[in-house]
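In: give me the fold of what follows.
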Amino acid sequence: MVQVRGCQCAFSPSGKSREAETKRINKELANIRSKFKGDKALDGYSKKKYVCKLLFIFLLGHDIDFGHMEAVNLLSSNRYTEKQIGYLFISVLVNSNSELIRLINTAIKNDLAGRNPTFMGLALHCIANVGSREMAEAFAGEIPRILVAGDTMDSVKQSAALCLLRLYRASPDLVPMGDWTSRVVHLINDQHLGVVTAATSLITTLAQKNPDEFKTAVSLAVSRLSRVVPSASTDLQDYTYYFVPAPWLSVKLLRLLQCYPPPEDPAVRGRLSECLETILNKAQEPPKSKKVQHSNAKNAVLFEGISLIIHHDSEPNLLVRACNQLGQFLQHRETNLRYLALESMCTLASSEFSHEAVKTHIDTVINALKTERDVSVRQRAVDLLYAMCDRSNAPQIVAEMLRYLETADYSIREEIVLKVAILAEKYAVDYAWYVDTILNLIRVAGDYVSEEVWYRVIQIVTNREDVQGYAAKTVFEALQAPACHENLVKVGGYILGEFGNLIAGDPRSSPLIQFHLLHSKFHLCSVPTRALLLSAYIKFVNLFPEVKGTIQDVLRSDSQLRNADVELQQRAVEYLRLSSVASTDILATVLEEMPPFPERESSILAKLKKKKGPGVVTDLEDTKRERSADVNGGPEPAPASSSAKSTPSPSADLLGLGATPHVPAGPPASSGGLLVDVFSDAPSAMATLAPGSEDNFARFVCKNNGVLFENQLLQIGLKSEFRQNLGRMFIFYGNKTSTQLLSFTPTLICSDELQTHLSLQTKPVDPTVHGGAQVQQVVNIECLAHFSEAPVLSIQFRYGGTFQNVSVKLPITLNKFFQPTEMASQDFFQRWKQLSNPQQEVQSIFRAKHLMDTEVTKAKIIGFGAALLEDVDPNPANFVGAGIIHAKASQIGCLLRLEPNPQAQMYRLTLRTSKEAVSQRLCALLAEQF
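Out: Alright, predicted model coming up:
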């Protein structure tokens, strides 16, 4: 750019003032304007020189309102330098709505048709830089032909691929899919790595929108990756960056593979596993250079490889190795690496295969929470602690979060409060610990404890009789502190008003002392809290008649009856009148104890989802490898007028799985009801399943949580729980776009036969799913009799004015109702002999599809639902299991035996049950897992 450098010298004023520069530029603009208008015979060189000056003046920050036509004229020149300046000026200064676009398009067409590779490159660069809709309409059909033409030079192919990518991102509806799509995939095999890199970027973007059109790219990408990753830095000298061979190409290929599920072909899958193992192995090698560029390129490939391992979630060995590799970065001196390691481990923690491996780093993560200087890294550490939490480590993690909360940055305190509240509730085996934790949470960060948090603790205390006395005692003691947060006063007012009688027998917490303690906080509280305390006082009148006079005096005082706030005045007047005229029986009826709250999704969890958005949606933070029980409760306390319900016993089933789901005997309920008949208006024929849904369905046979389906618009996650013949499935629908999904209607489709064997009840979801939001649907399941089919989840919605339909098989399989049964060796073989009829046994001999690993096999059998019986089979290499299939109509015992042959890479699976159909179905399901 000699001309531009010359311009810099020409426009450098002797002084440094802005006025001098402006004066010099105005003088030059006047000169250029006179040249363009006066001299009609201006030659190409002079025109190029003046256009270049105009471009430089514009880059200095001055407006240019002429010279555009002269730049367009330069496009018709046969000289490269003149054409280059013309295209550069147009790319920078011409607006996409300019009237000159047609003239520019004509010049570009001439250059593309001329087949001069240099001029074609300039034209393609201009199209990509302008990227207007008019250009997309004009060239979207021509550029793909240039890209796949056999005589196109490599440099032009690169430019064409990137230009087409730019147009597709700007106007995807104008880029037609056609025969070229199958040919562009084969550019991954091109000898020129620059072409491969550009084509991979294009294919990745296209595959996200049209995965079926480009699914053949998977095997080609794996093949190319297997040639790049193991290469030495000397093999790809032109594309080696600081001793890392083609890092950008490797990253793009790995990203392309994340658009698809694991390859079905065992050979391709094996080759991909080898590539990923090589990437992990190279990460362990000593660095070949101390420069930061080397480590950046090396780690870029590593993290993208780990992302692919996490995406596939099918290779336990790779997942554990990836976790261990990330664990080494947790204490790395580079802040960015620590951040990325924590972020990736958050995702790994949701995998059943790597959850335990992630938990081994808990001490390191806690130390990072205490010592890390960067607030963003500390926030990721909190996210990881939340993701790795389960019943075994919940007290430790909650305690560490509470300690950190005292010094945490104000920007993340509310999020930490929500997470502590969720973990304390989710893993509360001892409800006294839960109450202590929430009260401590209010003490430490009361300003950040939202209404949802203290609503939730009230719901749980109300629904749990065994914790009500302890809660009343603990709240009473907490209120005795000189300074109490208002949220603690709210909790205390509600709990003492409902359950203060449980501690009134102690002289230290007599009714009068309770009242004086609450009323001492009255003048310090806001109006809503005062209103709640007045309600607590009238509850005391019913619970403790001996304090009736004292409370009436308070209600009768001028500060209450003549209060400026209408709400407080009305309550004081009504409560005083009620306490004066109502009989004891009427008071007991009107002021009876609040009924248990209905069981719904935790409002705290809903708020956290809304705050965090669907980062991952399936809700990775809510998806855990163990079947965790949530405590009862609803989103907020119900009003006193709520209809009473029976109080659950202390041993009540927390998940509600012990109760038989409601099965409507009559017609389906109207759309306004809580429950809808999932079989109403269901089409008789099964919907066409989405690509890859069969593979995802098979992955859920031995696990209950994870991502069932994902495309560029929607992500469907599952979390399910089963007990005997009952189950409950939580389906999470995540909108991955920034646009609303309208008329969102999920429907469960079952065949007539399946309806007689499986009962499903669900609640409708909001028909509008906002951009980046997530909605949840609960399905209650009851197994009536053994079955072979699976229901289909059909989702219909409108996106961008287009009707969309996604159908996937819902992983409700017979083995989900498998309850493990422990048996001694003698009992097992005695029962095995009893099931010796030919119709009771099903045997399958098949080749291993995955690596034959003992621990993985054990995990899959346990995940299948059977009890893994140790020291039963005479051959210690064999696996033996037992269990019972629970249905409403019957219970069917099942025995299984899996005999691996590592030398031949074969398995023999034998199942015996009292029903042939059950044996066949269980055998088919389990055989697919190995």
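In: for stretch 299-315, list the C-alpha coordinates in PDB.
Out: This file holds the C-alpha atoms of stretch 299-315, laid out as PDB (Å, rounded to 0.1, in the frame of the first residue of the first chain):
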ATOM      1  CA  ASN A 299      -4.400 -25.500  24.400                       C
ATOM      2  CA  ALA A 300      -6.800 -24.400  21.700                       C
ATOM      3  CA  VAL A 301      -6.800 -27.800  20.200                       C
ATOM      4  CA  LEU A 302      -6.900 -29.500  23.600                       C
ATOM      5  CA  PHE A 303      -9.900 -27.600  24.800                       C
ATOM      6  CA  GLU A 304     -11.800 -28.100  21.600                       C
ATOM      7  CA  GLY A 305     -11.000 -31.800  21.800                       C
ATOM      8  CA  ILE A 306     -12.300 -31.900  25.400                       C
ATOM      9  CA  SER A 307     -15.500 -30.100  24.200                       C
ATOM     10  CA  LEU A 308     -16.100 -32.800  21.700                       C
ATOM     11  CA  ILE A 309     -15.500 -35.500  24.300                       C
ATOM     12  CA  ILE A 310     -18.100 -33.800  26.500                       C
ATOM     13  CA  HIS A 311     -20.500 -33.400  23.600                       C
ATOM     14  CA  HIS A 312     -20.400 -37.100  22.700                       C
ATOM     15  CA  ASP A 313     -20.600 -38.200  26.400                       C
ATOM     16  CA  SER A 314     -20.100 -41.800  25.300                       C
ATOM     17  CA  GLU A 315     -16.500 -42.700  26.100                       C
END
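In: measure how far that stretch is from the centre of its chain, please.
Out: On the basis of CA atoms, centre = their mean, to the nearest Å, stretch 299-315 sits 16 Å off its chain's mean C-alpha point.
In: contacts only, for Leu512.
Out: With contacts defined as CB atoms under 8 Å, 6 or more residues apart in numbering, Leu512 is in contact with 544, 546-547, 550. Glycine gets a C-beta too; all of them are placed from N, C-alpha and C.
In: switch the cut-off to 6 Å
Out: Taking CB atoms under 6 Å, 6 or more residues apart in numbering as the criterion, Leu512 is in contact with Val547.
In: let me know the pLDDT of it.
Out: If you check Leu512, the pLDDT there is 92.
In: quick one: it from Leu524, how far?
Out: 20 Å (CB to CB, to the nearest Å).
In: please apply the same query to Asp383.
Out: 36 Å.
In: cool, Asn735 as well?
Out: 44 Å.
In: what's the closest non-adjacent residue to Lys83?
Out: Ser77 (5.3 Å; CB to CB, 6 or more residues apart in numbering).
In: if you could redo that for Ala927, that was the one I meant.
Out: Ser844 (4.9 Å).
In: repeat for Leu758
Out: Nearest non-adjacent residue to Leu758 (CB to CB, 6+ apart): Phe787, at 5.5 Å.
In: pretty sure the one you found sits in a strand.
Out: No - Phe787 is assigned coil when assessed by DSSP: H, G, I helix; E, B strand; the rest coil, not a strand.
In: which residues touch it?
Out: So Phe787 contacts 754, 757-758 (CB under 6 Å, 6+ apart).
In: so what does it have for phi and psi?
Out: phi -140, psi 160 (degrees, to the nearest 10).
In: one more: Leu726?
Out: Torsion angles, degrees, to the nearest 10, at Leu726: phi -120, psi 150.
In: out of the contacts of Phe787, which is nearest to Ser557?
Out: Of all the contacts of Phe787, Leu758 has the smallest distance to Ser557: 63.3 Å, by CB to CB.
In: what's the burial count for that closest one?
Out: 23 (other CB atoms under 10 Å).
In: I'd like the distance between it and Leu726.
Out: Counting by CB to CB, the gap from Leu758 to Leu726 is 12 Å.
In: what do you get for Gln715?
Out: Distance from Gln715 to Leu726, by CB to CB: 27 Å.
In: cool, Gly67 as well?
Out: 77 Å.
In: so which residues of the stretch 201-350 of the chain form helices?
Out: Counting by DSSP state H, counting those that start in this stretch, the stretch 201-350 of the chain has helices at residues 217-228, 247-257, 266-284, 292-312, 316-329, 335-348.
In: now tell me what touches the fifth one from outside.
Out: Translated: helix 316-329. Taking CB under 6 Å, 6+ apart as the rule, helix 316-329 contacts 276, 280, 283, 306, 309, 337, 341, 344-345, 348, 351, 353-354, 357-358, 361, 856.
In: can you flag the buried ones in those?
Out: 276, 280, 283, 306, 309, 337, 341, 344-345, 348, 351, 353-354, 357-358, 361, 856 (16 or more other CB atoms under 10 Å).
In: re the thing from before, show me which of Asp383 and Leu524 is the more surrounded one.
Out: Between Asp383 and Leu524, Asp383 has the larger neighbour count (other CB under 10 Å), namely 24 against 12.
In: show me the contacts for Met401.
Out: Contacts of Met401 (CB under 6 Å, 6+ apart): 416, 420.
In: quick one: low-confidence parts of the stretch 351-500 of the chain?
Out: By pLDDT under 70, the stretch 351-500 of the chain has no low-scoring segment.
In: mind listing the helices for it?
Out: Going by DSSP H, counting those that start in this stretch, the stretch 351-500 of the chain shows helices at 355-359, 362-371, 375-388, 394-405, 410-426, 431-445, 451-463, 465-479, 486-499.
In: pretty sure Gln293 sits against Tyr242.
Out: Yes - the criterion here is CB atoms under 6 Å, and Gln293 meets it with Tyr242 at 4.5 Å.
In: tell me which residues in stretch 160-175 are buried?
Out: 160-168, 170-171, 174-175.
In: over to stretch 312-325?
Out: Buried-residue list, stretch 312-325, by 16+ other CB under 10 Å: 312-325.
In: Ser743 - that's part of a strand, no?
Out: Yes - the assignment for Ser743 by three-state DSSP puts it in a strand.
In: OK, contacts around it?
Out: By CB under 6 Å, 6+ apart, the neighbours of Ser743 are 767, 797-798.
In: and with 10 Å instead?
Out: Counting by CB atoms under 10 Å, 6 or more residues apart in numbering, Ser743 makes contact with 767-768, 796-799, 803-804.
In: reformat the residues you listed as JSON lines; add pLDDT, distance to Phe597 and neighbour count.
Out: Output for these, formatted as JSON lines (pLDDT from 0 to 100; distance: CB to CB, whole Å; neighbours: other CB atoms under 10 Å):
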{"residue": "Pro767", "pLDDT": "86", "distance to Phe597": "26", "neighbour count": "13"}
{"residue": "Thr768", "pLDDT": "88", "distance to Phe597": "27", "neighbour count": "14"}
{"residue": "Gln796", "pLDDT": "89", "distance to Phe597": "33", "neighbour count": "15"}
{"residue": "Phe797", "pLDDT": "88", "distance to Phe597": "32", "neighbour count": "23"}
{"residue": "Arg798", "pLDDT": "85", "distance to Phe597": "36", "neighbour count": "15"}
{"residue": "Tyr799", "pLDDT": "82", "distance to Phe597": "36", "neighbour count": "19"}
{"residue": "Phe803", "pLDDT": "80", "distance to Phe597": "39", "neighbour count": "10"}
{"residue": "Gln804", "pLDDT": "85", "distance to Phe597": "37", "neighbour count": "16"}
